[in-house]
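heads up, no residue letters with this:
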């Protein structure tokens, strides 16, 4: 791990059901306990997506126990956003929310334009391929960003 890596990272997306849980799981797999990692969504009106669970399971990342949560719930539960060194937004809506919530804090917000695989593909295998593309985009960005 590079000395330039943050000590804590929050990944966020729209519902904390597809992209941000994948990012959280991948980051934990690669960096274990050396970087504190969480994820959140603008809303948490969905459960963890089964296709996300399936494509991450293919590479040894466990997501089935993930419980979705929103920025609002994080704050209610005592997770202060100012405690994170870096917030990585995986959707435009989550980037806007992160910037709004952190406008009084000195912390970095990065935007990674990751494909939203929901609604793509006809049939199970095409859908899984869309989710694999999103998973692999996240994996590649993590490896590039956190050497």
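Done, it's in. Values in this document were obtained by computation on a predicted structure and should not be read as measured data.

In terms of helix, strand or coil, where does residue 122 fall?
coil (DSSP: H, G, I helix; E, B strand; the rest coil).

swap in the one 10 residues further on?
On the three-state scheme (three-state DSSP), residue 132 is labelled helix.

how deep is it tucked in, by neighbour count?
17 (other C-beta atoms under 10 Å). (Each C-beta comes from the backbone N, C-alpha and C, glycine too.)

same question, residue 29
The number of residues packed near residue 29 is 15, by other C-beta under 10 Å.

Three-state assignment for it, please.
Classification of residue 29 by three-state DSSP places it in helix.

dump the residue contacts of residue 65.
Residue 65 makes contact with no residue, according to C-beta atoms under 8 Å, 6 or more residues apart in numbering.

If I look at it, what pLDDT would I see?
Per-residue pLDDT puts residue 65 at 93.

can you check residue 32 too?
83.
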